[in-house]
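**Q** sequence first, predicted coordinates after that:
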Number of protein chains: 2
Amino acid sequence: MSKTSDSQLMEKIVSLCKRRGFIFQSSEIYGGLNGAWDYGPLGVELKRNLKNYWWHVTVHERDDVVGMDGSILTHPAVLKASGHVEGFSDPMIDCRTCNAHLRTDQVVEKKGVKQCPNCGGKDLTAPRQFNLMFETHVGAAADETSIAYLRPETAQSIFVQFKNILEVSRKKLPFGIAQIGKAFRNEINPRNFTFRSREFEQMELEYFCRAEQGMELLEYWKEERLRFYENIGIPPSKLHVLTVPDEERAFYSKGTYDIEYDFPFGRQELEGVAYRTDYDLSQHQKASGKSLEYFDEETKQRFIPHVVEPSAGVDRAVLALICEAYTEDQAPDEKGKMETRMVLRFHPRIAPIKCGVFPLLKNNSQLVAKAKEIVSLLRPHMTVFYDESGAIGRRYRRQDEIGTPFGVTVDFETFGEKDAALRDTVTLRDRDSMKQERVAIQDLPGILRDRLA
Amino acid sequence: MSKTSDSQLMEKIVSLCKRRGFIFQSSEIYGGLNGAWDYGPLGVELKRNLKNYWWHVTVHERDDVVGMDGSILTHPAVLKASGHVEGFSDPMIDCRTCNAHLRTDQVVEKKGVKQCPNCGGKDLTAPRQFNLMFETHVGAAADETSIAYLRPETAQSIFVQFKNILEVSRKKLPFGIAQIGKAFRNEINPRNFTFRSREFEQMELEYFCRAEQGMELLEYWKEERLRFYENIGIPPSKLHVLTVPDEERAFYSKGTYDIEYDFPFGRQELEGVAYRTDYDLSQHQKASGKSLEYFDEETKQRFIPHVVEPSAGVDRAVLALICEAYTEDQAPDEKGKMETRMVLRFHPRIAPIKCGVFPLLKNNSQLVAKAKEIVSLLRPHMTVFYDESGAIGRRYRRQDEIGTPFGVTVDFETFGEKDAALRDTVTLRDRDSMKQERVAIQDLPGILRDRLA
């Protein structure tokens, strides 16, 4: 199962994402912009929850990490020093018949002859290096002097601000600088829905340390990051750690792990955890002429710190969350007949909507007023969706389909009509077990907050 | 005061922003990238608090608004239809002597002769239109067919996804779509610190309605937005509403307000609230050939909705918050001598760090352990800064300078050494009044949460 591709499942997921407002094609009404995606009302909430949780555990819960937010437009000197201007490229081949631009590994070989996968043409150019950075011009002159790049990773803005942040934060080694933000790569062949796109978001931590701590911290962060994915609902059985072999690692890295997930289209990288040594800071110190050294007050030594980098893709993690949550099961409909139920089993922590609130009937003002009171009661603590239209079973199904973990229904019992003991209680339904319990309205915020934590 | 510029104050603020880690120049170690800024550890927290509060009151607290997050890379057809490709430009003049590119209004006139403000040269070109959009190429071909733009505003991605979001959200008019994200404008002359920069972030709401509701909703949103700024600590006396006169409004707008703030460099726009009629959706319907109409189930009418747009600049609001918070007052030092105290009087809601926690002495393990316990107690609820180094008065000053509203000190009374009634209590200090009160440790999360709300 894990390594095979399930294209039917993937089609269902892409279709659900559009139908329920998780993800749309960018500029869709104009035919779309290849490799760029827009997050809809539910997608943006899911993404926010993921990013906020990462920020919480990576920055706010720790004494040894601070955050930053750097610009996307990047001075070319930064990316020259980092090696991106020279070497951040994929080999590309053009087809002279249909003018297609192909990544070298896309070219088809038949009977020893290379052919264009597009038109079958055999008149192909030799491979050439295609730089994946997006280039633009800053200022009024559109020439060599005005080039700036859209950053291909958030990491470099951390390295170039290392000294400033070291000074203001008064941190001692080991300590980290975290950043969430957009990055851009002009992929020759964007593919697998949002998995490989040209515009994407990263959550990166650069964790600086002494050389002798590097290998140990690489292990530490690999474990921390695995725990993170578990904590948002990705089971360990679907996560795999690939030790990147020596010959495939960047030359400056002393060790790299890829954390992979079993997507429906195959096992693919969610995050890289790399021990990058002192390569980046050394390069920037050399190129800028500014000292990026750390001064150890105890030993009176000055040196360039080493760094371990857990680098996660926001869009990949969102996609993994949706793939993982997607489930079909059997549940009874209004009349008790079994039917296929589509459920997104999001971990409550990252579910876009935490609680649905429903008056049993739409045309009963008492039920409606009480339900709206409950919305106001819950809203300071969580995202709430109020729905009064359609049979209650259908309303539950709609929330199941978008992964809302809890549903609260106001019915006539809420007014104690048959049983005074039930006054001011409501039905609380659990998405996964579909079990319903009776709880006091005043206890709802506390009960739900506990289950969401 | 309000309309004059205070350059000395502005210098102090810029210097504080760098010294304490709010804002750095982008790519600073390479000489900087003009018009781009990086937010440091405190700046990123301040910006997050601002954006999260906007999202909370604009999206989560309302039944009639949903969010989205669109791509920055934008299909050229979107910006042709919106009018940006044709008309989003500033008039520019070049100096043939020093090759400076000047905005027409920068050119100096002396004795009736136009001169370059840079070199005094008089050999100037005629004004020409300079488009402010950043252009790049998507895909492997770098020609006309592959142009994409960095969006100059987030609004257009809302308009082009209007139909998708209408369908998935099942909203009825009036309703809104909100977005926070980066936008880019190639300003000829970036200036006033982060106020006018080339890369910036917007918080935009497009609130769709029937034509007859437009003018009323324009008033409603102007008032809502003024209330927002008050709620984050900008006093009404520093906010001004400018009614944009007919001849300065975009031709399609039936009414526009600018909400302005008295910055040290003068009164400048924080936010525009514009009634844009049905212009944008009509343009996109025409250009894309896709219906962007709304179907009214009651009246059975189909029509293109009108829209009211409150459009706020994140960076401008952050800068206003810092300028507004900046205060110097007199406070006693360790020995009771009065000295000048620098305080950032941030509203607790948006302060980067909510609470400092201090053991009275660094070398007393009992004090240190208890202080760290309190850090763990508070951290699930708020950002906390632990500081054990230096005299307690100096630690208070450091937190005052970054705007931390509360400080908790663990001293010997905490262990009930002199007075058993004080066991398990700490000193809670208020930044603004500098008053100290004695509170039970277990009550701290509740007390602080109430004061932060």
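**A** Noted; the coordinates are in hand. Numbering: from 1, shown residues only, chains lettered A, B, ... in the order given.
**Q** isn't A:Leu126 up against A:Ile93?
**A** Rather than Leu, residue A:126 is Ala. Yes: using C-beta atoms under 8 Å, A:Ala126 is in contact with A:Ile93, at 7.4 Å. (Glycine included, C-beta is placed from N, CA and C.)
**Q** ok, the two, which is more surrounded?
**A** A:Ile93 (21 against 8; other C-beta atoms under 10 Å in any protein chain shown).
**Q** beyond the helix or strand where the more buried one lies, next helix or strand please.
**A** Assigning secondary structure by DSSP states H and E places A:Ile93 in strand A:89-94. Next helix or strand after strand A:89-94 toward the C-terminus (DSSP H and E): strand A:101-103.
**Q** next one: that next one to chain centre, how far?
**A** Computed by C-alpha atoms, centre = their mean, to the nearest Å, the chain-centroid distance of strand A:101-103 equals 27 Å.
**Q** average pLDDT for that strand?
**A** Summarised as a single mean, pLDDT over strand A:101-103 is 86.
**Q** any bit of that strand sitting next to chain B?
**A** Yes: interface with chain B: strand A:101-103 contributes A:His101 (C-beta under 8 Å from any C-beta of the partner chain).
**Q** so what strands line up beside that strand?
**A** In the sheet, strand A:101-103 lines up against strand A:89-94 (antiparallel) (DSSP bridges).
**Q** before we move on, back to that, pull out the buried residues from the strand holding A:Ile93.
**A** By neighbour count on 16 or more other C-beta atoms under 10 Å in any protein chain shown, the buried set for strand A:89-94 is A:89-90, A:92-94.
**Q** switch the residues you listed over to JSON lines; also include pLDDT and distance to B:Cys119.
**A** Shown next, in JSON lines, are the buried residues of strand A:89-94 (pLDDT from 0 to 100; distance: C-beta to C-beta, whole Å):
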{"residue": "A:Ser89", "pLDDT": "89", "distance to B:Cys119": "41"}
{"residue": "A:Asp90", "pLDDT": "87", "distance to B:Cys119": "45"}
{"residue": "A:Met92", "pLDDT": "89", "distance to B:Cys119": "45"}
{"residue": "A:Ile93", "pLDDT": "91", "distance to B:Cys119": "50"}
{"residue": "A:Asp94", "pLDDT": "89", "distance to B:Cys119": "47"}
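**Q** any idea which of those residues is closest to B:Ser433?
**A** Nearest to B:Ser433, judged by C-beta to C-beta, of those is A:Ser89 at 59.8 Å.
**Q** how near is that closest one to A:Ser311?
**A** From A:Ser89 across to A:Ser311, the span is 19 Å (C-beta to C-beta, to the nearest Å).
**Q** now do the buried residues in stretch A:159-179.
**A** By neighbour count on 16+ other C-beta under 10 Å, the buried set for stretch A:159-179 is A:159-166, A:168-169, A:171, A:173-179.
**Q** near chain B, which residues of the stretch 351-453 of chain A?
**A** Residues of the stretch 351-453 of chain A lying close to chain B by C-beta under 8 Å from any C-beta are A:375, A:379, A:383, A:386.
**Q** repeat that for the stretch 101-250 of chain A.
**A** Listed as neighbours of chain B in the stretch 101-250 of chain A under the rule C-beta under 8 Å from any C-beta: A:101, A:130, A:134-141, A:148, A:150, A:157, A:160-161, A:163-165, A:168-169, A:182, A:184, A:186, A:188, A:198-199.
**Q** out of those, which sit inside helices?
**A** Within these, residues falling in helices by DSSP state H are A:157, A:160, A:163-165, A:168-169.
**Q** got TSV for those residues, with pLDDT and distance to B:Arg20 too?
**A** TSV is the format used below for those (pLDDT from 0 to 100; distance: C-beta to C-beta, whole Å):
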residue	pLDDT	distance to B:Arg20
A:Ser157	96	19
A:Val160	98	19
A:Lys163	97	15
A:Asn164	97	11
A:Ile165	98	11
A:Val168	95	6
A:Ser169	93	10
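**Q** wait, is A:Thr427 part of a helix?
**A** No: assessed by DSSP: H, G, I helix; E, B strand; the rest coil, A:Thr427 does not belong to a helix; its assignment is strand.
**Q** A:Val408 is in contact with that one, correct?
**A** Yes: the criterion here is C-beta under 8 Å, and A:Thr427 meets it with A:Val408 at 7.0 Å.
**Q** buried ones among the residues of the stretch 351-453 of chain A next to chain B?
**A** Buried by 16+ other C-beta under 10 Å: A:379, A:383, A:386, out of these.
**Q** pLDDT and distance to B:Glu417 added to these, as JSON lines?
**A** Listed next are these as JSON lines, based on pLDDT from 0 to 100; distance: C-beta to C-beta, whole Å:
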{"residue": "A:Arg379", "pLDDT": "95", "distance to B:Glu417": "46"}
{"residue": "A:Thr383", "pLDDT": "96", "distance to B:Glu417": "48"}
{"residue": "A:Tyr386", "pLDDT": "96", "distance to B:Glu417": "55"}
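**Q** and the residues you listed as TSV, adding distance to A:Val343 and secondary structure?
**A** As requested, these are exported to TSV (distance: C-beta to C-beta, whole Å; DSSP: H, G, I helix; E, B strand; the rest coil):
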residue	distance to A:Val343	secondary structure
A:Arg379	25	coil
A:Thr383	18	coil
A:Tyr386	21	strand
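**Q** ok, and the closest non-adjacent residue to the residue nearest in space to the middle of chain A?
**A** Relative to the mean C-alpha position of chain A, the nearest C-alpha, by C-alpha atoms, centre = their mean, is the one of A:Val314, at 2.0 Å. Among residues not flanking A:Val314 along the chain, A:Glu201 sits closest, at 3.7 Å (C-beta to C-beta, 6 or more residues apart in numbering or on different chains).
**Q** that neighbour falls within a helix, correct?
**A** No: the assignment for A:Glu201, made by three-state DSSP, is strand rather than a helix.
**Q** who's in contact with the residue nearest to A:Tyr39 when sequence neighbours are not counted?
**A** If the residues on either side of it in the chain are set aside, A:Tyr39 comes closest to B:Asp69, at 4.2 Å by C-beta to C-beta, 6+ apart. Taking C-beta atoms under 8 Å, 6 or more residues apart in numbering or on different chains, we find B:Asp69 in contact with A:38-39, A:43-44, A:47, B:179-181.
**Q** closest one to A:Gly31 out of these, please.
**A** Using C-beta to C-beta, the shortest approach to A:Gly31 within the contacts of B:Asp69 belongs to A:Asp38, at 14.2 Å.
**Q** which strands and helices sit next to the longest helix seen in chain A?
**A** In chain A, assigned by DSSP H, the helix with the most residues is helix A:214-231. For helix A:214-231, the packing partners by 3 or more C-beta pairs under 8 Å, 6 or more residues apart in numbering or on different chains; DSSP states H and E come out as strand A:199-209, strand A:239-243, strand A:255-263, strand A:266-277, strand A:306-313.
**Q** for B:Leu422, find the nearest of the ones you listed.
**A** Between B:Leu422 and the helices and strands packed on helix A:214-231, the shortest separation by C-beta to C-beta is 40.8 Å, and it involves strand A:199-209.
**Q** by contact count, what packs against that closest one?
**A** Helices and strands touching strand A:199-209, by 3+ C-beta pairs under 8 Å, 6+ apart, are helix A:41-55, helix A:155-160, strand A:175-184, helix A:214-231, strand A:306-313, helix A:314-325.
**Q** pLDDT of the longest one, averaged?
**A** What that stands for is helix A:214-231. For helix A:214-231, the mean per-residue pLDDT is 98.
**Q** which residues touch it?
**A** Helix A:214-231 has contacts (C-beta under 8 Å, 6+ apart) with A:53-54, A:57, A:174, A:205, A:207, A:209, A:236, A:239, A:241, A:254-255, A:257, A:259, A:261, A:270-271, A:273-275, A:277, A:306, A:308, A:310, A:312, A:317, A:320, A:347, A:349.
**Q** and A:Asn363, how many neighbours?
**A** Neighbourhood size, A:Asn363 [other C-beta under 10 Å]: 8.
**Q** tell me the contacts of the nearest residue to A:Thr243 once chain neighbours are set aside?
**A** In this structure, A:Thr243 finds its nearest non-sequential neighbour in A:Tyr257, 6.1 Å apart by C-beta to C-beta, 6+ apart. By C-beta under 8 Å, 6+ apart, the contact set of A:Tyr257 is A:218, A:222, A:241-244, A:272-274.
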